[in-house]
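# This is a predicted model, with the sequence first.
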Amino acid sequence: MGQWLSWIKSNEKELLTILDNLAKKAVETSEAVVVLFEHLDNLEQVQKIHRLETEADVLTRDIFSELNKTFITPLDREDMQRIASKIDDVIDFMDGIAARVYSYKITTPPAYTQQMAEELVKATKEVQYMISKLQNMKNSKDMIEHCRNTGDIEHTVDDLYREAIKELFESDDAIKIIKLKDIYETMETASDRCVDVADVIEDIVLKYT
């Protein structure tokens, strides 16, 4: 009986460790996006972001596999699936930013992209902090505060997005408008997905505390 309980505890820890590693991968990818906009001539940065996205896919599959094998999970199975899927979405959209920059042959940083990328780093760090605390949710107030922080960052990204679009449509260059609008929208969506993660975590905090 003791060995069985020990095995359950071990699997619980493994699941949260993989989830934490996935959140760390989101932070690493967002930091790589900032570097990309600083050095748009560095194609290796595009490849690095895609490699990070591929590694994140493996971690996401590992989480779903562990959930299928684990009888008792540290949190509701559906909640853990939602968190993993949403973090994976964040990383997918950041890979999409890099892919668009490469495909559209962007050679100079478009206005506001650097600030938006830096806000994405802040948002992913908030997500990673909250994930790291899931194993021991003693301070629900702190967790809710970080959920709110993620929302505030998303509002900042929304403001930057609106300013970027406003300035973009002052141009008569239709091709430029199409390309940059797509990039701005992808960055804004990546920020939205961070809020989706925060919303799931807030649900969990309210449920378990």
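That came through fine. Just so you know, these numbers come straight off a predicted model, no measurement behind them. Numbers count the residues shown, from 1 in each chain.
# biggest helix in the protein, by residue count?
helix 2-38 (DSSP state H).
# list the helices and strands it packs on?
Where contact means 3 or more CB pairs under 8 Å, 6 or more residues apart in numbering; DSSP states H and E, helix 2-38 is packed against helix 43-69, helix 77-103, helix 113-132. Where you see a C-beta, it was placed from the backbone N, CA and C, and this is true even at glycine.
# Please produce a markdown table containing those, extended by mean pLDDT, distance to Tyr208 and mean neighbour count.
Shown next, in a markdown table, are the helices and strands packed on helix 2-38 (pLDDT from 0 to 100; distance: least, CB to CB, whole Å; neighbours: other CB atoms under 10 Å):
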| stretch | mean pLDDT | distance to Tyr208 | mean neighbour count |
| --- | --- | --- | --- |
| helix 43-69 | 94 | 18 | 16 |
| helix 77-103 | 96 | 10 | 21 |
| helix 113-132 | 97 | 13 | 22 |
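# centroid residue for this protein?
Closest to where the C-alpha atoms of the chain average out (CA atoms, centre = their mean) is Val90, at 3.5 Å.
# And the nearest residue to that one once chain neighbours are set aside, how far from Glu55?
Spatial nearest neighbour of Val90, excluding adjacent residues (CB to CB, 6 or more residues apart in numbering): Arg193 at 4.4 Å. Computed as CB to CB, to the nearest Å, the Arg193 to Glu55 distance reads 18 Å.
# now Asp152
According to CB to CB, Asp152 stands 29 Å off from Glu55.
# ok so, going back, looking at it, the residue nearest to Val90 is touching Ile91, isn't it?
No: assessed by CB atoms under 8 Å, Arg193 is found out of contact with Ile91, at 9.0 Å.
# and the residue nearest to Gly96 when sequence neighbours are not counted, what is it in contact with?
Leaving aside its sequence neighbours, Gly96 sits nearest to Thr186 (CB to CB, 6+ apart; 4.9 Å). When contacts are counted by CB atoms under 8 Å, 6 or more residues apart in numbering, Thr186 touches 93, 96-97, 100.
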